[in-house]
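Colleague: here is the input, now give the coordinates:
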Amino acid sequence: MRNDLLSIGEVAHLKGVGVKALRYYERIGVLRPAYVNPDTGYRYYALRQMNELDVIVSCVQLGVPLKELADYVSDCGAMDISSLLERAYILAKEKLRDTQAILLELDGYRREIAVQHALRTSPAPYERVLGKRTFLAMPWGHAAFDAKRYTRAMSELYGETKRASMAPLFLQGMICLPGDGGKEGAEAPEPSWYVALEVQALPGEELAAPPQERGMRLLALPGGTFCGRRVERETFELCYREVFKEARTASGIDTLLAFEIWDAELRTDRTIVEVLRG
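Modeller: Take a look at the predicted model:
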C-alpha cells in the first residue's frame with residue numbers, strides 16, 4: 001500500500017471524524033476515497049485529501065448543509081476549494097456578527113439587572129441617571145395602549161435588528177416625547193408615543209437608518225437625570241394604561257420613558273414597568 005494513503009480508520013482517528021460520517025460524505029459525493037480495495041472494499045484516502053476534509057468539517061460546523069457541499073465537487077471528484085472557502089468565510093462572518101450581538105445583549109442585560117436590583121428597594125420617586133441611548137422606534141399613533149398591537153410592533157423592531165445587524169439591548173417599551181411646539185398662543189401639540197427598543201451598533205459598524213416606508217426611525221436620547229418609579233400590575237396592559245393616563249394628565253413632561261422590567265424576585269403573575277420622567 002502506498003505511503004501517501006490512509007485507511008478510513010486512520011483518517012477518522014487523525015481528524016476526529018466518525019467512520020459513519022466519512023462513509024456518508026462518500027455516499028453524497030462530497031469526499032470520495034482515493035482508492036477502494038476491490039477485494040476487501042476497504043477505503044483509503046490520500047494525504048492531500050486531508051485539507052479537503054478540514055474544509056468540509058469547518059463548513060459543517062458553520063451550518064452549510066452537506067448536500068450543498070456536493071455542489072462544489074465536479075463529476076471527476078475534484079472539489080472547488082476556492083469557492084467553498086468563500087462560502088465558509090461569508091458564513092463565519094455572519095456567525096461572528098450574531099455572536100457579537102448576543103454578547104452585547106447579554107452584557108447590557110447584566111448591567112441593567114444589577115441596576116434594577118438596587119432600585120427594587122428604593123423608595124419612590126427615585127432619581128436615576130441614564131447615559132446617552134439610541135432606540136429603534138416605531139410611531140404608536142393610537143390614543144390607548146393595546147398589548148397585541150404593542151407585541152406585534154416590538155416583534156417588527158427585533159426583526160429589523162437582525163436585518164440591519166444591530167444588537168438589541170435591555171431597555172424596551174414605550175417612549176413619549178413632547179410635541180414639537182406650535183404657534184404662540186395655540187394649544188400645546190399632542191405628545192408623540194413610540195414603541196422603542198434600545199439598540200447598539202456591532203463592533204466596527206455604524207447604525208444604519210431603518211427603512212422609512214416601514215415607519216421606523218432611530219431615536220437618540222441624550223440622557224440625563226430622571227425621576228423614576230415602578231408600576232406593578234397583573235399585566236402589561238394594566239401597567240401601560242396607567243402610564244398613558246399619567247402622560248395625558250401630567251404637565252411639564254419633557255420626556256416620559258416606560259420600560260419593561262425583569263425582576264426574578266417578584267411572582268410570575270406580576271408585571272413591572274419602570275416609568276422615568278425628565
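
Colleague: how about the strands in the stretch 1-150 of the chain?
Modeller: Secondary structure of the stretch 1-150 of the chain (DSSP state E, counting those that start in this stretch): strands at 5-7, 35-36, 43-46, 126-130, 133-139.

Colleague: which one of those strands lies nearest to G215?
Modeller: Ranking the strands of the stretch 1-150 of the chain by proximity to G215 (CB to CB) places strand 133-139 first, at 5.5 Å. For every residue, glycine as well, the C-beta is placed using N, CA and C.

Colleague: return the distance of the closest one from the chain's centre.
Modeller: Taking CA atoms, centre = their mean, to the nearest Å, one finds strand 133-139 lying 16 Å from the centre of the chain it belongs to.

Colleague: same deal with stretch 238-251?
Modeller: Chain-centre distance of stretch 238-251: 31 Å, with CA atoms, centre = their mean.

Colleague: and that stretch, what's buried?
Modeller: For stretch 238-251, burial by neighbour count (16 or more other CB atoms under 10 Å) applies to 238-241, 243-244, 246-247.

Colleague: got a markdown table for the strands of the stretch 1-150 of the chain, with mean pLDDT and mean neighbour count too?
Modeller: As requested, these are exported to a markdown table (pLDDT from 0 to 100; neighbours: other CB atoms under 10 Å):
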| stretch | mean pLDDT | mean neighbour count |
| --- | --- | --- |
| strand 5-7 | 92 | 18 |
| strand 35-36 | 90 | 13 |
| strand 43-46 | 92 | 20 |
| strand 126-130 | 91 | 14 |
| strand 133-139 | 94 | 20 |
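
Colleague: give me the low-pLDDT residue ranges for the stretch 51-200 of the chain?
Modeller: 179-189 (pLDDT under 70).

Colleague: now do the helices in it.
Modeller: Along the stretch 51-200 of the chain, the stretches classed as helices by DSSP state H, counting those that start in this stretch are 66-69, 81-119, 147-163.

Colleague: out of those, nearest to E232?
Modeller: Short answer: helix 81-119, nearest of these by CB to CB, at 12.6 Å.

Colleague: now the closest one, how far from the chain's geometric center?
Modeller: The chain centre lies 7 Å from the centre of helix 81-119; the measure is CA atoms, centre = their mean.

Colleague: report the angle between that helix and strand 126-130.
Modeller: Counting by axes from the mean of the first three to the mean of the last three CA atoms, to 10 degrees, helix 81-119 lies at 160 degrees to strand 126-130.

Colleague: out of the strands of the stretch 1-150 of the chain, nearest to L106?
Modeller: Of all these, strand 133-139 sits nearest to L106, with 17.5 Å by CB to CB.

Colleague: about what we covered before: save the strands of the stretch 1-150 of the chain as JSON lines, and put in distance to L202 too.
Modeller: Putting the strands of the stretch 1-150 of the chain into JSON lines (distance: least, CB to CB, whole Å) gives the following:
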{"stretch": "strand 5-7", "distance to L202": "42"}
{"stretch": "strand 35-36", "distance to L202": "48"}
{"stretch": "strand 43-46", "distance to L202": "40"}
{"stretch": "strand 126-130", "distance to L202": "22"}
{"stretch": "strand 133-139", "distance to L202": "13"}
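
Colleague: returning to what we had before: the helices of the stretch 51-200 of the chain into TSV, with extra columns for distance to V275 and mean neighbour count?
Modeller: Listed next are those as TSV, based on distance: least, CB to CB, whole Å; neighbours: other CB atoms under 10 Å:
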stretch	distance to V275	mean neighbour count
helix 66-69	51	14
helix 81-119	12	14
helix 147-163	16	15
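
Colleague: Y35 - nearest residue in space that isn't next to it in sequence?
Modeller: In space, and not counting its chain neighbours, Y35 is closest to Y44: 4.4 Å by CB to CB, 6 or more residues apart in numbering.

Colleague: so in terms of bridging, what pairs with that neighbour?
Modeller: Y44 forms beta bridges with S7, Y35, as assigned by DSSP bridges.
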